[in-house]
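> here is my input; please provide its structure:
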Amino acid sequence: MPKLLLALSLAISSFQLGCSSEPAIDELLEQGRQAIQKEDWNAVRELKNQLADRDDAKIETQFLEANLYMNVLNYDAVMQRVGVIASDKRIREECMMLAVHCFTAAQDLPSAVRTLDEMIQEFPDNIDAHRLLIAHYYDFGALQQAMRHCERVSELAPTDPRPDRLMGLISKDFEKHELAITHYLESLKRAPGDPAFDQTDEIRTELAEVYIRIRKYQDAQQQLEQLSPTASELLQATALAYQAECAMALGQFAEADRFVQQSITKDPSLPHGQRILGLIAMQTGKPEQARLALENASRLDPANDRVYFQLSNVLRQLGETDAAEQAFRKHEQIKALKLEYIELNVQAAQQTDNAEVRITIAQIAEQLGDYEAAISWYGGALGIAPENQQAMDGIRRVRAMTQSQ
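Numbering: from 1, shown residues only. Okay, the predicted model is just below:
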């Protein structure tokens, strides 16, 4: 055979062999990853079957099997495979996240949190791990840790308004006013770039509350004036009450009265509107009207110590000394409970495995009438000690109270 024909024959044979050779294992694994992201489970199954025929692809086969089992919520089968293959560096990060989901489904939250903590040590830029830790620590009441992971998510996702929104709320609740303002403004700055984010009106209202606390009334008004016309009735009523408070502080009593009347019309059950109505009446020399409004506010918000303090002042002005003293004692009692609540929050943040402190916080929240927080704290205790009878009884009791209202 001539040399030229022999060379062409060899080249064609080599080309045919190359075309018929099997795809590389890593290539099939990557295709499997992409199919998992798309939730194309038929493709994942086909790729798993291809890998299962390869003697040197047992780890890759089990990895795809684990994801298939996760899709049908067979957590035991997932953990059986993850326990074998998780040491492989190529898939370790994904295996750890599978384990987190299994622990969470089994309500083994301490194991879920431990695994997430290990994840961020090995993979500090895994944003999903940080986000899950935010949710877990927030539920546990470990707000300092939640803040730390919010800060990291804010760095890793510089267009996401959610982490700064939560940091603003936490800072507001702990009366760290300047920090709350910084985070709220950052969240508002990012919000236009995220069409799915729909909490702008809540942020503006909460930010206005912070500005009012530090007597920056014009800054508060600026935020409230930007509220969307599609904001909920509750938010609009709250914003109008804050507008009234700002106008009153600036000596604009006619404007204040107009705003507060609009607020009460929108939502007569809003305690803040009644409280501001009482304060306007006090400032304009109408103690009987002030008394009526503040008594209404105390019925609507029985855990507001400021209402009782202001009511005690009005009652003294009216010469009702005994009633004034009773209102003042109520103010002192609630204030003491709130201080204890804050101190225990700090303790809970430092002791993420302490169920008892969470039960105590939940009981205080019950006394303060904050039933949503009470259920959350009882739930946090159950996340640590799933069989805790006090926590289970507490949740049942609070839910029954909320349903009867």
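
> buried residues, whichever strand or helix holds residue 45. List them.
Element membership for residue 45 (DSSP states H and E) is helix 41-52. Neighbour-count burial for helix 41-52, counted by 16 or more other C-beta atoms under 10 Å, picks out 44-48, 50-51. C-betas here are computed from N, CA, C, even on glycine.

> what's the average pLDDT for it?
Taken as a whole, helix 41-52 has a mean pLDDT of 93.

> residues in contact with that helix?
Taking contacts as C-beta atoms under 8 Å, 6 or more residues apart in numbering, the residues outside helix 41-52 that touch it are 25, 28-29, 31-32, 35-36, 57, 60-61, 64-65, 67-68, 71.

> most neighbours among the residues you listed, which one is it?
residue 64 (28 neighbours; other C-beta atoms under 10 Å).

> host element of that residue?
Taking DSSP H and E as the criterion, residue 64 maps to helix 58-71.

> contact partners of that helix?
Looking at what lies outside helix 58-71 - C-beta under 8 Å, 6+ apart - the contacts are 25, 28-29, 32, 36, 39, 41, 44-45, 47-48, 51-52, 54, 75, 77-78, 81-82, 84-85, 88, 91, 94-95, 98, 101-102.

> centre of the chain to that helix, how far?
32 Å (C-alpha atoms, centre = their mean, to the nearest Å).

> now the angle between helix 41-52 and it, please.
160 degrees (axes from the mean of the first three to the mean of the last three C-alpha atoms, to 10 degrees).

> after helix 58-71, which helix or strand is next?
Of the helices and strands lying after helix 58-71 in sequence (DSSP H and E), the nearest is helix 75-85.

> what is the mean pLDDT for whichever helix or strand comes after that following helix?
As assigned by DSSP H and E, the chain's next helix or strand after helix 75-85 is helix 92-105. The predicted model assigns helix 92-105 a mean pLDDT of 94.

> what's helix 92-105 packed up against?
Packing partners of helix 92-105 (3 or more C-beta pairs under 8 Å, 6 or more residues apart in numbering; DSSP states H and E): helix 58-71, helix 75-85, helix 109-122, helix 127-140.

> quick one: buried residues of the second one?
In other words, helix 75-85. 75, 77-79, 81-82, 85.

> any chance of JSON lines for the residues you listed, columns pLDDT and distance to residue 254?
Output for these, formatted as JSON lines (pLDDT from 0 to 100; distance: C-beta to C-beta, whole Å):
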{"residue": "75", "pLDDT": "95", "distance to residue 254": "64"}
{"residue": "77", "pLDDT": "95", "distance to residue 254": "71"}
{"residue": "78", "pLDDT": "95", "distance to residue 254": "66"}
{"residue": "79", "pLDDT": "95", "distance to residue 254": "68"}
{"residue": "81", "pLDDT": "94", "distance to residue 254": "72"}
{"residue": "82", "pLDDT": "94", "distance to residue 254": "68"}
{"residue": "85", "pLDDT": "94", "distance to residue 254": "73"}
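
> with distance to residue 348 as added columns, please give those residues in JSON lines.
Below are the buried residues of helix 75-85 laid out as JSON lines (distance: C-beta to C-beta, whole Å):
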{"residue": "75", "distance to residue 348": "29"}
{"residue": "77", "distance to residue 348": "36"}
{"residue": "78", "distance to residue 348": "32"}
{"residue": "79", "distance to residue 348": "30"}
{"residue": "81", "distance to residue 348": "36"}
{"residue": "82", "distance to residue 348": "31"}
{"residue": "85", "distance to residue 348": "37"}
